[in-house]
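# Kindly return the folded structure for what I paste below:
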Amino acid sequence: MSFGNFFDRAAVAASQILHGYEEATFKHHLEHSVVGIAFDESAAGSVEAKTTLSLTVNLLSRLYPRLLLKPRGENASGLLDSLITIAKSINPLIDFVHESEEPTFCISVGTSSPNTACPVIYIGSDGWLVQVSSNGPVGSGITQNPFGASAAACFAAANTFRFLFSNQLKRADLDSKVRVSLLDWEPSNDNPPNPRLDEVDLDEVHLIGVGAIGNAALWALARVEAFKGVLHLIDKEVVELSNLQRYVLTSQAHQNVSKVLMGAEFLKSSRLKVVAHQQSWGEYLASRNNWRLDRVAVAVDSANARREVQASLPRWIVNAWTQPGDIGISRHYFLEPQACLMCLYFPDGTQKSEDQLVAEAIGMTDAVLEIRNMLYMGTPLSGEFLNRIAVARRIDPNSLLRFANQPLRTLYVEGICGGALLEMDTNPGVQRMEVPMNFQSALAGVMLSAELVANAAGFKDHTFPVTTRIDMLKPLGSYLSLPAPNHPSGRCICQDPDYIAAYRVKYCNGKDCHWQKLHPL
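Numbering: from 1, shown residues only. The predicted structure follows:
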């Protein structure tokens, strides 16, 4: 039994949310915990349940070194090999303990209760509905809809983490009862929307960012054969070892593989025509002859990148995020009297550029111009430059050797922002990059893809609140979706006559039209 070779990244994520975190204690607790996953014959006969099981094992294998699979019935036992294969592809050293061992905590999928004395969280789905209970089985539906089922796996992983580390979290109770639709996110709705998901034409869609959120979005989309259309994947980066902590498409075989090519490969059996662009958003737009962008899904990790997307004036945007305190999505119709994407990320006050942030972080504020050029060109780090960093930060040069011949941005993101190498608290004003838990990124991605499909299918009213926010470190709240007004400064592009006119020319033939007239629901 051993942790995955990407465990350092998982430890950083946990350190940012657990009170009184100590790595040795954290590892000891994981080593002495067994997470059970129980499933029965009803689960083996449900596509939704098998989707839930697959993603649950995927997420748990990225953190926990000891799992216990508890099938009940011949058909349920038939799922063992595929689930073990998923886990081993992620962490080849993961330990599957014998069924005679009592788990520390158990996840149950199906209509029966597992034979265990430990606490149990029951998960399931019914189309667009995610169902969670700490009191008894909830079952799984018989549809091909993957969204409620995928969300259920994220809630299972979240409840597991909350239980095992409840003494280091606030209000970390289990979800007692959840039955909510991904179409309205209204937990108090006694009749949640749950339309049948038939063939949906996504037309032309752009997914910007194939990181952790983008991975989960593609994972869910790949499970529906009835989708058609053209899906553009835009991301310049390749998969790194640390990404395995929360990228649900990745296995050990994906290191150094282009993120967009990995995503395209994962969807090769779908009816979607997937086009991979290993470019930045700006590079992609520069190479595209047509700037008409009907649906854009945003899964990037910076405010500036989101502002750039909104400035290109897509017809409709859905945005997903993870941040301290919550994860969520936002929906944006540029001509509606609600916030556009830029409104939510409008720069207030003076902000430092990336080259300034990197220069401060590595202790070389006298080399901003050199650093700017290295970031722009993706220049590999030389031994001489690494020695300069070691001298500036007063650290052992050998600790930097693993970043030799890698771009400076890799050292900044992994070694400094991620906390794997250098601490940033010696540089006042420089914030550590947040590293989410995998269940946080995964749910944000599932929400993103569900919103995209719901929009294309006409399942959502255009007046739906802009934002939906969920804190996965606590039981699900009662009010998750809220409106967001235009930026109060009046200086956002959605309040600028020139941008408004340009949008009308692109999509409305220059007229004063609204989204509901462009795309009736």
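
# how far does stretch 373-382 stretch from start to finish?
End-to-end distance of stretch 373-382: 14 Å, with C-alpha to C-alpha, to the nearest Å as the criterion.

# Show me what that stretch is in contact with.
Outside stretch 373-382, the residues that touch it by C-beta atoms under 8 Å, 6 or more residues apart in numbering are Glu354, Asp355, Val358, Phe403, Ala404, Asn405, Gln406, Pro407, Leu408, Arg409, Leu411. Heads up, the C-betas are built off the backbone N, CA and C, glycines and all.

# Looking at the residues you listed, which is nearest Val205?
Val205 has its nearest neighbour among the contacts of stretch 373-382 in Arg409, at 27.6 Å by C-beta to C-beta.

# Secondary structure element holding the closest residue to that closest one other than its chain neighbours?
In space, and not counting its chain neighbours, Arg409 is closest to Leu375: 5.9 Å by C-beta to C-beta, 6 or more residues apart in numbering. Using DSSP states H and E, Leu375 sits within helix 368-377.

# pLDDT averaged over that helix - what is it?
Averaging pLDDT along helix 368-377 gives 89.

# The residue nearest to Arg409: neighbouring residues, count only.
By other C-beta atoms under 10 Å, 17 other residues sit near Leu375.

# do Leu83 as well
Counted with other C-beta under 10 Å, residues neighbouring Leu83 total 22.

# buried ones in whichever helix or strand comes after the helix holding Leu375?
Sequence-wise, the next helix or strand downstream of helix 368-377 (DSSP H and E) is helix 383-393. Going by neighbour count (16 or more other C-beta atoms under 10 Å), the buried part of helix 383-393 is Phe385, Leu386, Arg388, Ile389, Ala390, Arg393.

# now for the helix or strand that comes right after helix 383-393, which elements pack on it?
As assigned by DSSP H and E, the chain's next helix or strand after helix 383-393 is helix 408-410. Packing partners of helix 408-410 (3 or more C-beta pairs under 8 Å, 6 or more residues apart in numbering; DSSP states H and E): helix 368-377.

# And the helix it packs on, what's buried?
Neighbour-count burial for helix 368-377 [16+ other C-beta under 10 Å]: Glu370, Ile371, Arg372, Met374, Leu375.

# same check, this time on stretch 155-172
Neighbour-count burial for stretch 155-172 flags 155-165, 168-169, 172 (criterion: 16+ other C-beta under 10 Å).

# Rebuild the buried residues of helix 368-377 as CSV, extending it with distance to Ala311.
Below are the buried residues of helix 368-377 laid out as CSV (distance: C-beta to C-beta, whole Å):
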residue, distance to Ala311
Glu370, 29
Ile371, 26
Arg372, 22
Met374, 26
Leu375, 21
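
# and the nearest residue to Cys340 once chain neighbours are set aside, what is it in contact with?
Leaving aside its chain neighbours, Cys340 sits nearest to Cys494 (3.9 Å; criterion: C-beta to C-beta, 6+ apart). Contacts for Cys494 (C-beta under 8 Å, 6+ apart) come out as Phe334, Ala339, Cys340, Met342, Cys343, Asn486, His487, Ile500.
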